[in-house]
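**Student:** here you go, sequence then predicted model.
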Protein chains: 2
Amino acid sequence: MTRAEENYIKAIYHLGGKESFSISTNAISKEMKTKPSSVTDMAKKLAEKGLVNYIKYKGVCLTKKGIKTALTIIRKHRLWEVFLFKKLDFSWDEVHEVAEQLEHIKSEKLIDKIDELLDFPKYDPHGDPIPSKNGHFQERAKQLLSELPIPSKGICVGVKNTSSAFLRFLDKNQIALGDAIEVLEKEAFDDSLYININGQKLHVSNQIATNLFIKKE
Amino acid sequence: MTRAEENYIKAIYHLGGKESFSISTNAISKEMKTKPSSVTDMAKKLAEKGLVNYIKYKGVCLTKKGIKTALTIIRKHRLWEVFLFKKLDFSWDEVHEVAEQLEHIKSEKLIDKIDELLDFPKYDPHGDPIPSKNGHFQERAKQLLSELPIPSKGICVGVKNTSSAFLRFLDKNQIALGDAIEVLEKEAFDDSLYININGQKLHVSNQIATNLFIKKE
DNA sequence: ACTAATATTTAGACAAATCTAAATATTAGT
DNA sequence: ACTAATATTTAGATTTGTCTAAATATTAGT
């Protein structure tokens, strides 16, 4: 598989194109930052290889083989992220860009050894689950901070938004995955929240609260 | 720089194309396993980018900028080899292939952190020197086993031939870099050598002896 | 159900990196 | 110094992944 093919497969997966749900040419072109006509070409190519089902004007979805391929790439991406974060002291807003390159390295042994070196992590630095060698993973039970009942307690387990700006905001406020969090009160006017995190009181906007995943206690 | 460009630069460097010595189109095509006409095209392209000097029918040599580029790639290649060997238990005949891919990853921070993780190694698993961040390295004083006086003593410090067949032969006979070696006698008929390595007596062919680098004591 | 807006595909082009075959230059042997 | 052998370059083609512009299909609003 070429790098371009792998990137398309990943994009289709992230857009929800597992099973029979169809993803539009337009949606893929937006995700991939290419033109719709380029997507059409690639759709034909991937269909010929048995990685997607493609019906003219109806979009594409991944085949079983395509899903397996996507999970292999995602597994590599997330394991490399953990490696960069845990072993090389990259911050969680720096790992994605480099992992985008590393995920295309072709060596099964390499990624399995990295997995072992990291002691078989289940989640990446953003809280996303890492598929196992044979493509299994389970999404953690989690809710957005904004959707928690008031009052309630939980643990930070993930971020929805992985932009540098957001991740650095969390760093600055010493909010990290694994931290215990307590929702105290909601401000009716703007849906901002008064929370308690690591014993520290904070007032966070709704925009923050809709991008932080919490596992309820 | 594209991957193809990087590979050509590396090939020219390995063929000795530093400074004003010119490397022929043919030699490069052999090294790169491409046709001479492809090399001509690339030579023009690299010349335009200021990485090589190219004179029609006279071959190419690297410019200062080209040498710096080559050393950066070689640094990455060799550091990744050490990483695979030391941290992931790859054997020394497996590291090259994967490092060929990893050397093209674009992230200065990544390679500097790998360097640090490995505690700034000076040599790769085959005994070749690793250029520093600013392109400095020193070749170790070494001789081929076949060229040592008889008798003499030394330390294994490198291999000339890095083929799997040769490296596995060394593994099988428990010969590793760092081992003390003693040359006892040369067989006049076929230039094979009687040696003592790790207290173990061995009889090695001239073909072996011309591919093992020794640092004389 | 018809038309307008939107989405998708087709057709033809381009850049990168390669190739083959033909043309041209260099080199080596006498 | 001439010719034969070898090396190199040029010209034109191919593949991959992209693009633009035009053609066509689908969808949504009335």
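**Tutor:** Looks like it arrived, so ask away.
**Student:** any idea how chain A splits into domains?
**Tutor:** For chain A, the domain assignment from automatic domain parsing gives the residue ranges A:3-62, A:143-216.
**Student:** next one: stretch A:180-200 to chain centre, how far?
**Tutor:** 25 Å (C-alpha atoms, centre = their mean, to the nearest Å).
**Student:** in chain A, what residue spans correspond to strands?
**Tutor:** Counting by DSSP state E, chain A has strands at residues A:52-55, A:59-62, A:143-144, A:152-159, A:180-186, A:193-197, A:200-204, A:212-216.
**Student:** so what strands line up beside the last one?
**Tutor:** Sheet pairing of strand A:212-216 (DSSP bridges) gives strand A:143-144 (antiparallel), strand A:152-159 (antiparallel).
**Student:** could you do the first one as well?
**Tutor:** Sheet pairing for strand A:52-55, assigned by DSSP bridges, gives strand A:59-62 (antiparallel).
**Student:** ok, residue A:174 - contacts?
**Tutor:** Residue A:174 makes contacts with A:197-198, A:200, as judged by C-beta atoms under 8 Å, 6 or more residues apart in numbering or on different chains. (C-beta placed from N, C-alpha, C; glycine too.)
**Student:** also residue A:131?
**Tutor:** Counting by C-beta under 8 Å, 6+ apart, residue A:131 touches A:71-72, A:74-75, A:78, A:137.
**Student:** average pLDDT for stretch A:141-161, rounded please.
**Tutor:** Stretch A:141-161 shows an average pLDDT of 96 in the prediction.
**Student:** meant to ask about stretch A:107-127
**Tutor:** Stretch A:107-127 comes out at a mean pLDDT of 98.
**Student:** what comes up buried for that stretch?
**Tutor:** A:107, A:110-111, A:113-115, A:117-118, A:121, A:123-127 (16 or more other C-beta atoms under 10 Å in any protein chain shown).
**Student:** distance between it and the chain's centre?
**Tutor:** 16 Å.
**Student:** list of residues touching that stretch?
**Tutor:** Residues contacting stretch A:107-127 (C-beta under 8 Å, 6+ apart): A:75-83, A:85-87, A:92, A:95, A:105, A:129-130, A:133, A:137, A:140, A:142, A:156-159, A:162, A:177, A:213, B:84, B:87-90, B:94, B:97-98, B:101.
**Student:** can you check stretch A:177-187 too?
**Tutor:** A:123, A:125-127, A:145, A:148-159, A:175, A:192-198, A:201, A:203, A:214.
**Student:** please repeat the previous calculation with a cut-off of 6 Å.
**Tutor:** A:127, A:148, A:150-156, A:193-198 (C-beta atoms under 6 Å, 6 or more residues apart in numbering or on different chains).
**Student:** which among those gets closest to chain B?
**Tutor:** residue A:127 (22.7 Å; C-beta to the nearest C-beta).
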